[in-house]
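**Student:** next comes the sequence, and after it the predicted model I'd like to discuss.
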Amino acid sequence: MVGTTTSDWDPESYDSMPLPHLKWGDRVLASLNPTPTDLVLDAGCGTGRDTAKVLDIVTGGGVVALDRSESMLKALKKKLGNDHRLEVVMADLNSELSLNYQCDAAFSVAALHWVKDHQTAFSNLFRMLRPGGRLVFDCGGRGNIASIESVLAELQVSPDVWNFAGVPETKENLSKSGFTDITVSLIEDTIYIEDRNVFEKYISTVVLPFHLDQMRAEEKKAFLREVLERLPSQQIDYVRLFASAEKPSN
Ligand SMILES: C[S@@+](CC[C@H](N)C(=O)[O-])C[C@H]1O[C@@H](n2cnc3c(N)ncnc32)[C@H](O)[C@@H]1O
């Protein structure tokens, strides 16, 4: 389903949410630790929250903000578009990609579980990095949002828009793509959203936008109500796949 869907995100609603993505982005950037002159790739940049943080760090470098969503990139450009150190690239990580230059470092936050073909995505990231360049990423990993997946299974709705990979296959895919110095772990990161209205909006905007997009307006409401009623609590049982790897320096 991913890679073929024409659905898109709602950037305004997305940015209004209490996103744990802020913390996930900070964790990734702390590990990547870019230097002020680096050219850094943000793969699946969305509305550019982490892109902005990196622009503040790479005062003498730049950022390549890559995403396949027109609406998310439009929101990013509205916020950051006139910074000459920023290049915005609309591209799909599921297809073979390369840039006509290489980046010093690459990162991705909460995006790669939307990418069906991790092997292709990692090979793309490998090509876009210079020798010696590092990749650090966070995304949903094996066991992520298990309670939501089990409600979707009860409702016989195919949850296969996601790719929640585990540690062994991620190590293997990174290694097959040419990366070395690989570390991969799964981190349990459950969140609880107290306000019922915010929880409902969060589920529809951040978790199930593509499931809902495929339904007619009247179906959407009923489906969302059913999901919310069946969920055991207003908890989202996130499990993050956190990885870092290096492109060998020849
Ligand atoms: C949940 S958002 C995360 C955005 C941002 N990194 C953040 O942390 O707020 C996921 C992003 O990944 C992008 N994405 C999903 N699949 C993609 C693909 N195959 N190629 C490029 N971008 C993709 C989406 O368009 C979306 O902007």
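**Tutor:** Alright, I've got the coordinates. Numbers count the residues shown, from 1 in each chain.
**Student:** can I assume M72 is in contact with T51?
**Tutor:** No. At 10.8 Å, M72 does not count as touching T51 under the criterion of CB atoms under 8 Å. Just so you know, the C-beta spots here come from the backbone N, C-alpha and C atoms, and that holds for glycine as well.
**Student:** need the overlap of contacts for those two.
**Tutor:** C45 (CB atoms under 8 Å, 6 or more residues apart in numbering).
**Student:** beta-bridge partners for D42, please?
**Tutor:** A65, F107 (DSSP bridges).
**Student:** quick check: residues of this structure near the ligand?
**Tutor:** Residues of the chain found near the ligand (CB under 6 Å from any ligand atom) are 9, 21, 25, 44-46, 49-50, 67-69, 72, 92-94, 109-111, 114-115.
**Student:** how about 8 Å then?
**Tutor:** By CB under 8 Å from any ligand atom, the residues of the chain that approach the ligand are 2-3, 8-9, 14, 19, 21, 24-25, 42-50, 66-69, 72, 91-94, 108-112, 114-116, 121, 206.
**Student:** make a ChimeraX selection of the buried ones in these.
**Tutor:** Remark: buried members of the residues of the chain next to the ligand, expressed as a ChimeraX selection using 16 or more other CB atoms under 10 Å:
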select :2,9,14,19,21,24,25,42,43,44,45,46,47,48,49,50,66,67,68,69,72,92,93,94,108,109,110,111,112,114,115,116,121,206
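**Student:** from E188, how far off is the closest residue to E194 other than its chain neighbours?
**Tutor:** Distance criterion CB to CB, 6 or more residues apart in numbering; nearest residue to E194, sequence neighbours excluded, is Q234 at 6.8 Å. Separation of Q234 from E188 (CB to CB, to the nearest Å): 17 Å.
**Student:** the two: who's more crowded?
**Tutor:** When Q234 and E188 are compared for neighbours, Q234 comes out ahead with 17 against 11, by other CB atoms under 10 Å.
**Student:** my guess is the more buried one contacts R196, does it?
**Tutor:** Yes. Using CB under 8 Å, Q234 is in contact with R196, at 7.0 Å.
**Student:** let's check: the centremost residue of the protein is which one?
**Tutor:** A111 (1.4 Å; CA atoms, centre = their mean).
**Student:** surely that one is in contact with A43?
**Tutor:** Yes. Between A111 and A43 a contact is recorded at 6.4 Å, counting by CB under 8 Å.
**Student:** common neighbours of these two, please.
**Tutor:** Joint contacts of A111 and A43 (CB under 8 Å, 6+ apart) are 93, 137.
**Student:** which stretches of this protein have low pLDDT?
**Tutor:** Residues of the chain meeting the criterion pLDDT under 70: 1-7, 159.
**Student:** I'd like to know which elements the longest strand seen in the chain is packed against.
**Tutor:** Using DSSP state E to define each element, the chain has its longest strand at strand 129-140. Contacts defined by 3 or more CB pairs under 8 Å, 6 or more residues apart in numbering; DSSP states H and E place strand 129-140 against helix 21-32, strand 103-109, helix 118-128, strand 239-246.
**Student:** skip the chain neighbours and tell me the closest residue to the residue in the chain that the ligand sits nearest to.
**Tutor:** Using CB to the nearest ligand atom, the closest approach of the chain to the ligand is made by G46 at 2.5 Å. In space, and not counting its chain neighbours, G46 is closest to M72: 4.8 Å by CB to CB, 6+ apart.
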